[in-house]
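[1] Starting from these lines, generate the structure:
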Amino acid sequence: MMVSFEQALDIVMRSAVEREAERVPLVECFNRVLARDVVSDTDIPPFNKASMDGYACRRADLGGPLTVVDVIPAGKLPAVSRIRPGECAKIMTGAIVPDGADCVIMVEYAAVDAGGGIRFTGFDTDDNICPAGQDVKRGDTVLRRGELIRAPHIATLATLGCAEPLVFKRPTVGVIATGSELVEPCARITGAQIRDSNSIQIAVQAANAGALARSYGIVGDDRQLIRARIRQALDENDLVIVSGGVSAGDLDFVPEILEQCGVTLLFTSVAMKPGKPATFGTTTSGGYCCGMPGNPVSSFIVFELLLKPLIYKLMGHVYTPPAVRAALGTAFRRSRTERREAVPVKFIDPATVVPVEFHGSAHINSLCGADGLVFVPVGTGELKQGAPVDVRPLWT
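    Below you'll find the model as predicted:
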C-alpha cells in the first residue's frame with residue numbers, strides 16, 4: 001500500500017490527537033507547548049521606567065542648572081513626590097521615573113557646574129523613558145495556546161508571573177531495533193555484525209522534538225521475540241518506532257507482526273527516497289506505531305519528515321519546518337523519478353549549496369557534513385546548476 005509523501009504526511013497528521021495538559025515548573029518548560037493562552041495581569045513595564053542612567057527632569061528646564069533632589073536606583077520608590085521646575089533626580093536604568101519628569105538626560109551629557117548644579121551638555125535628548133504598558137498592557141494575550149516554548153518564552157512567562165504554565169504532556173516514545181546482525185555500540189564487531197546506530201539516533205531525535213524516549217534494545221530476527229517486545233512497547237508508550245524488518249526480504253516481517261499486535265496499518269510504503277519502506281499505523285487505544293527502514297539515513301529522514309511533526313502535534317504544536325532559499329552550485333541528476341527524493345546538501349557560501357558526497361541510505365556519516373535537505377519532486381530528473389532551491393535546515 002504505497003502512498004505519496006504528501007499523502008503519508010497527511011495520514012500521520014490527521015491521526016494525531018493532542019495529549020492532556022499538566023502544570024510544570026517554569027524551569028522545566030523548555031521545548032514544551034502551551035496548552036492555554038497566557039494573559040498579562042499587569043502592565044509591562046508596570047511604571048514609567050528610565051531606559052538610561054542619568055538625570056530625570058523636565059524638558060523645559062534643559063537650558064539651566066538643575067538641583068538634584070533625589071537619587072533613585074532600580075527597585076526603590078522615589079523619595080520626592082514630584083520633580084518641580086529647576087529640579088532633577090539622579091536615576092539608574094530600570095528605576096521609576098518620578099512624576100513631573102518627562103525626560104532623562106544621559107549621564108554622558110550631564111556635567112556638574114561650579115555651584116554643584118547639573119547642566120545638560122548636549123543639543124537635544126530623547127525622552128529615554130519607557131512608559132508604563134509600552135510592551136504589554138494588562139489583559140493582553142501575550143502567548144497563545146500551541147506556542148513552542150523557547151528561552152525567550154520562558155523569560156516572558158517569568159515576567160508575567162506564570163511560574164507553572166499549563167503545557168501539554170510529553171508523549172512517550174519506545175524505540176526497538178530489529179536485526180540479528182546488530183550489536184551494541186560498545187561491542188567489538190566480529191563476522192557479519194554491525195553496530196546498532198538507529199536506536200540512539202531515533203531516541204535523540206525524539207528527545208529533541210520534546211518526547212520522552214525509551215530504548216527497548218535490540219531484537220534478533222525472531223517473530224516471537226519481536227512480537228513480545230512490540231506488545232510491551234505498545235502497552236507502555238504513546239508511539240512505538242521499530243527500525244528494520246519492514247522491507248521485502250524473507251526476514252522482514254515487522255508489518256505482519258504489527259497487525260498481529262492490534263496495529264491498523266495506514267500505509268506500508270511511501271514514494272520517498274530514502275525511506276520507501278516506511279510503515280505507519282494506529283491502535284484502538286490511541287497509540288501510534290511506525291516501522292522504519294534499517295538503514296540509518298532512511299530512519300533519520302523518515303523521523304524528521306513524518307514523526308517529528310507527529311510528536312509536535314501530539315503536544316499541541318503545529319510544526320512548520322523552516323526553509324532557506326539558495327542557489328544550487330552544481331547540477332543534480334537522477335535516472336529514476338517516481339519518488340520524491342531528499343538530497344543532503346551543504347552551504348559553500350551563504351547563498352549557495354551543493355550536494356554532499358552520498359553513497360546511499362547506509363552512509364550516515366554523510367549527514368555530519370550536511371547543512372540541510374533539498375527535495376526533488378516526483379517526475380523531476382534534473383535540477384540545473386544555479387537553480388533556486390529551498391533548503392530545509394537539518395539542525396533546528
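
[2] can you give me the offset of the helix or strand containing Tyr216 from its chain's centre?
    Using DSSP states H and E, the element containing Tyr216 is strand 212-219. Chain-centre distance of strand 212-219: 23 Å, with C-alpha atoms, centre = their mean, to the nearest Å.

[3] Okay, buried residues for it please.
    By neighbour count on 16 or more other C-beta atoms under 10 Å, the buried set for strand 212-219 is 213-216, 218-219. C-beta: built from backbone N, CA, C; applies to glycine.

[4] which helices and strands does it pack with?
    In terms of contacts (3 or more C-beta pairs under 8 Å, 6 or more residues apart in numbering; DSSP states H and E), strand 212-219 is packed against strand 172-178, helix 198-208, helix 223-236.

[5] tell me the angle the longest one makes with strand 172-178.
    Here helix 223-236 runs at an angle of 170 degrees relative to strand 172-178 (axes from the mean of the first three to the mean of the last three C-alpha atoms, to 10 degrees).

[6] ok, back up a step: out of the buried residues of strand 212-219, which one sits closest to Ser298?
    Using C-beta to C-beta, Ile218 comes nearest to Ser298 of these, at 17.8 Å.

[7] Next one: the closest one, what pLDDT does it get?
    Listed pLDDT for Ile218 reads 97.

[8] so who does it touch?
    177-179, 182-184, 196, 199 (C-beta atoms under 8 Å, 6 or more residues apart in numbering).

[9] before we move on, the earlier item: tell me which of the helices and strands packed on strand 212-219 lies nearest to Gly63.
    helix 198-208 (60.1 Å).

[10] hmm, back to that, switch the buried residues of strand 212-219 over to TSV; also include distance to Gln232.
    Output for the buried residues of strand 212-219, formatted as TSV (distance: C-beta to C-beta, whole Å):
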residue	distance to Gln232
Ala213	15
Arg214	10
Ser215	12
Tyr216	7
Ile218	14
Val219	11
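
[11] for those residues, which one is nearest Val112?
    Closest to Val112, out of all of these and judged by C-beta to C-beta, is Ala213, at 63.6 Å.

[12] who wins for most neighbours among the contacts of Ile218?
    Thr178 (28 neighbours; other C-beta atoms under 10 Å).

[13] Check the buried residues of strand 212-219 against Ala155 and report the nearest one.
    Ala213 (27.5 Å).

[14] bridging residues for Asp390?
    Counting by DSSP bridges, Asp390 is bridged to Arg325.

[15] Tally up the residues packed near it, please.
    14.

[16] Report the contact partners of it.
    Here Asp390 is in contact with 323-325, 374-375 (C-beta under 8 Å, 6+ apart).

[17] Over to Asp238?
    Taking C-beta under 8 Å, 6+ apart, one finds 19, 171-173, 286-288, 314 in contact with Asp238.
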